[in-house]
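1. Okay, predicted coordinates and the sequence, questions at the end:
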Amino acid sequence: MSMIQYFSSKAGRLRELKFSSRSRGCYVLQDRKRHRQAKSRIVVLSVGIVLFYITIFAKLGYMTTETTLETSRIPPIPQIAWRPDIVDRNGQVLATDIRTVSMFADPHRIVDVDEAVEKISSLFPDVDRKALFKKLSDRKSHFAWLERQLTPTQQDQVMKLGIPAIGFRPEVKRFYPGGRTAAHVLGYVDIDNHGVSGMEKYIDSQGLSDLTATGLATRSTLAPVRLSIDLRVQNIVHDVVTDALTTYKAQAAGAVILDIHTGEVLAMASVPDFDPNDPQATGGQGWLNRMSNGTFEMGSTFKTFSLATAIDTNSVKLTDTFDATGPIHMGRFTIHDDRDVPRRFLSVPEIFRYSSNIGTAKIIQVVGVDAQKEYLTRLGLLTRLKTELPEVKTPSQPRVWSKLTSITVSFGHGVATTPLQVAVAGAALMDGGELIEPTFLPRTAEEAENGAQLVVKKSTSDTIRSLFKLNGEQGTGRTADVMGYHVGGKTGTANKVINGAYSHKLSFNSFLGAFPIDNPKYVVLSIIDQPLTGLHNLNLATETAAPMVHDIITRAAPLLGVEQDFGTSTLAGF
């Protein structure tokens, strides 16, 4: 091989090597370029993914914050105001709580107000559409009550309307199984389950409101509140006074039964009344409890206290007589008797039996004004009654007690007091002269004795009881007597004051009775306001109020465990 060929072949191999080296370098550069491009794409993709998730989380955070802000504007669910059950003396339920819900709306979320109003009013036709539209149109508001205390059926119907802005909150509703039966004793609660009147209000005043405010008033921690009321007897009393309202065509009626030895109120009713399940339905009519929160001139029932004062102060004796042959003239006023009263000298028992205004006036003239006021105060007839029931009115009396005032008060005109007070004072005169404050809670005779106050001598109590017995058997109280139970008492027919003057046609009638009169256990007082008719088409107490007591005792005495006595009774001292 020549040198030329040798170097030629060497040069060729060098070129090949050089070319091969260049090719490998080019490939390496291309790989590096592709690697850089791939890395860039990965970085871009990663950044994109990160930004995507950041955006999503930011949006979710914003939405959560927005929802929280909106939710915070809705008032938190308040503590449910549970109340204890109220039961009668035998454990029968008089009032209890039931679970319910109330409907609210978030106006800010209402899409079509007109449609919402139309749908809601279709379920609640009594709703005020204008007021509802105004509530739902308030875009600044996030909470508005629409309907309170719905039934489960109503809640289900509302949910089917499909309005997202509608919600429900758990609540409780007070339920009174007896309806009107014991309305004025129990009272009622407001929409938030707080006591407004009656024993419901009393329970709140005893610490329930504080427990509820602190969240300690749970259903499991509240023991039932037991009353002195006997639901069976309460039903009877309510039936009788309701019937009397229509039978005698009267404006109002009422009655109460007291346990003489304990002061317990076993039953009390006043009509017109209301249904505590819907107290607003009457528009405020029937809310007045005339037995404790109404004051009236009680007429001749006050003669009971006038004679008790005279006997206890030794001002008169039963054998004394007083001239009732003619009326008493004092200035321009004349005191006279009804036509049925004999026009002659009358003994003290006869004055009571015939209900003589003239005889009573002459007795109180012997007693004197000071002693009269003192005894009426002792008997609790001139001061506000103390008991658990919040609705108690203070009696009214003359600013100045003149001789004329003293006389008119002696037979029940000039002083207006509550019927319940008269019943309590009457019970004191049947119970050995001890005045016991009335209670709507259970109380034993021993507990009552500890708080009793002696207001007249026992001998005076015995005498008044005998006068009650006489009047029940021979006088104006005969229409209250029940065979076997020996009812005694005193009627009262007080002329009503109309336009500042006493009416000779309209009256307020009452009967204060006790039974069994030989050994009294219970006092019963009935009232009837402005009766237009009676048993014999007369509107006197003996034709209206006394028969009410007869009907009550006839039905209630067996339930109270009073045994009938068909033996012949005697009148002590006569």
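-> Sure thing, it's come through.
2. in a helix, that's where Gly489 is, yeah?
-> No - counting by DSSP: H, G, I helix; E, B strand; the rest coil, Gly489 falls outside a helix, being strand.
3. If you drop the residues flanking it in sequence, what lies closest to it?
-> Nearest residue to Gly489 in three dimensions, chain neighbours excluded: Gly513, at 3.1 Å (CB to CB, 6 or more residues apart in numbering). Backbone N, C-alpha and C define where each C-beta goes, glycine included.
4. Adjacent strands (with direction) for the helix or strand where the one you found lies?
-> Under DSSP states H and E, the secondary-structure element containing Gly513 is strand 501-515. If you go by DSSP bridges, strand 501-515 pairs up with strand 488-498 (antiparallel), strand 522-529 (antiparallel).
5. can you give me how far that strand is from the chain middle?
-> 28 Å (CA atoms, centre = their mean, to the nearest Å).
6. Would you map the helices across the stretch 101-250 of the chain?
-> For the stretch 101-250 of the chain, the helices defined by DSSP state H, counting those that start in this stretch occupy 113-123, 129-137, 152-159, 183-186, 198-203, 209-213, 231-247.
7. buried ones in the longest one?
-> When burial is assessed from 16 or more other CB atoms under 10 Å, helix 231-247 yields the following buried residues: 231-238, 240-242, 244-245, 247.
8. Return the distance of that helix from the chain's centre.
-> 18 Å.
9. what helices or strands is the following helix or strand past that helix leaning on?
-> Next along the chain after helix 231-247, taking DSSP H and E as the criterion, comes strand 252-259. On a contact count with 3 or more CB pairs under 8 Å, 6 or more residues apart in numbering; DSSP states H and E, strand 252-259 meets helix 231-247, strand 265-271, helix 419-430, strand 522-529, helix 545-556.
10. what angle separates the helix or strand following the shortest one from helix 419-430?
-> Just to be clear, that refers to strand 265-271. Next along the chain after strand 265-271, taking DSSP H and E as the criterion, comes helix 303-312. Counting by axes from the mean of the first three to the mean of the last three CA atoms, to 10 degrees, helix 303-312 lies at 30 degrees to helix 419-430.
11. so where's the chain shaky on pLDDT?
-> Where the chain drops to pLDDT under 70, the residues are 1-48, 50-79, 211-220, 568-574.
12. ok so, going back, what about the residue nearest to Gly489, neighbour count?
-> Look at Gly513: counted by other CB atoms under 10 Å, it has 34 neighbours.
13. Please name the residues that touch it.
-> With contact set as CB atoms under 8 Å, 6 or more residues apart in numbering, Gly513 has these partners: 468, 472, 477, 480, 487-490, 523-526, 546, 549, 553.
14. 6 Å instead, please
-> Neighbouring residues of Gly513 by CB atoms under 6 Å, 6 or more residues apart in numbering: Ala480, Val487, Gly489, Val524, Val549.
15. quick one: the fourth one and Ile257 touch, right?
-> Yes - in this structure, Val524 is within contact of Ile257 by CB atoms under 6 Å, at 5.3 Å.
16. what's the closest non-adjacent residue to the residue positioned nearest the centre of the chain?
-> Centroid-nearest residue in the chain, with CA atoms, centre = their mean: Gly187, separated by 0.6 Å. Among residues not flanking Gly187 along the chain, Gly198 sits closest, at 2.0 Å (CB to CB, 6+ apart).
17. Under a three-state scheme, what state does Gly534 occupy?
-> Secondary structure, three-state DSSP: Gly534 is coil.
18. Give me the neighbour count for the nearest residue in space to it that is not next to it in sequence.
-> In space, not counting the residues next to it along the chain, Gly534 is nearest to Glu543; the distance is 2.9 Å by CB to CB, 6+ apart. Look at Glu543: counted by other CB under 10 Å, it has 21 neighbours.
19. Repeat that for Ile49.
-> 10.
20. where's it, which helix or strand?
-> Per DSSP H and E: helix 3-72 holds Ile49.
21. go on, Ile98?
-> strand 93-105.
22. list the buried ones in that strand?
-> Within strand 93-105, the residues scored as buried using 16+ other CB under 10 Å are Leu94, Ala95, Thr96, Asp97, Thr100, Val101, Ser102, Met103, Phe104, Ala105.
23. again, but for stretch 525-537
-> Here stretch 525-537 shows Leu525, Ser526, Ile527, Ile528, Asp529, Gln530, Pro531, Gly534 as buried, counting by 16+ other CB under 10 Å.
24. Then stretch 497-510?
-> Leu506, Ser507, Phe508, Asn509, Ser510.
25. And for it, what's in contact with it?
-> With CB under 6 Å, 6+ apart, stretch 497-510 has contacts from 296, 298, 301, 492-496, 527-530, 541, 544-545.
26. centre of the chain versus that stretch, how much separation?
-> 30 Å.
27. Only alpha carbons, please: show that stretch as PDB.
-> Taking Å, rounded to 0.1, in the frame of the first residue of the first chain, the C-alpha atoms of stretch 497-510 are listed here in PDB:
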ATOM      1  CA  VAL A 497    -125.700  50.400  91.100                       C
ATOM      2  CA  ILE A 498    -126.600  51.600  87.600                       C
ATOM      3  CA  ASN A 499    -125.500  55.200  86.600                       C
ATOM      4  CA  GLY A 500    -124.800  56.100  90.200                       C
ATOM      5  CA  ALA A 501    -128.100  54.900  91.600                       C
ATOM      6  CA  TYR A 502    -129.400  51.600  93.000                       C
ATOM      7  CA  SER A 503    -131.600  49.700  90.600                       C
ATOM      8  CA  HIS A 504    -134.800  48.100  91.900                       C
ATOM      9  CA  LYS A 505    -134.800  45.500  89.000                       C
ATOM     10  CA  LEU A 506    -131.200  44.500  88.600                       C
ATOM     11  CA  SER A 507    -129.400  42.600  91.400                       C
ATOM     12  CA  PHE A 508    -126.200  40.800  92.300                       C
ATOM     13  CA  ASN A 509    -127.200  37.600  94.100                       C
ATOM     14  CA  SER A 510    -125.300  35.200  96.300                       C
END
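28. Report the contact partners of Phe274.
-> Ala183, Thr282, Gly286.
29. Leaving out sequence neighbours, find the closest residue to the second one.
-> If I follow you right, that is Thr282. Phe274 is the one closest to Thr282 (CB to CB, 6+ apart), at 4.8 Å.
30. Need phi/psi at the one you found.
-> phi -150, psi 170 (degrees, to the nearest 10).
31. What is the neighbour count of the residue nearest to Gly187?
-> Neighbours around Gly198, by other CB under 10 Å: 26.
32. that older thread, highest neighbour count among the contacts of Gly513?
-> Top of the contacts of Gly513 by neighbour count (other CB under 10 Å): Gly489, with 33 neighbours.
33. That one is in contact with Lys469, isn't it?
-> No - assessed by CB under 6 Å, Gly489 is found out of contact with Lys469, at 9.2 Å.
34. Distance check, Pro276 against Lys130.
-> In this view, Pro276 and Lys130 are 30 Å apart by CB to CB, to the nearest Å.
35. Which one of these two is surrounded by more residues?
-> Each of Pro276 and Lys130 has its neighbours counted (other CB under 10 Å); Pro276 has more, 27 against 9.
36. Now the phi/psi pair for the residue nearest to that one when sequence neighbours are not counted, please.
-> Nearest residue to Pro276, sequence neighbours excluded (CB to CB, 6+ apart): Tyr188, at 4.0 Å. Tyr188 adopts backbone torsions of phi -160, psi 170, taken as degrees, to the nearest 10.
37. Could you check how far Pro327 is from Val523?
-> 33 Å.
38. When these two are compared, which one has more neighbours?
-> Val523 (25 against 15).
39. Just grab the bridge partners of that one for me.
-> Leu258, Ala514.
40. My read is that it contacts Ala423, right?
-> Yes - if you go by CB under 6 Å, Val523 and Ala423 touch, sitting 5.4 Å apart.
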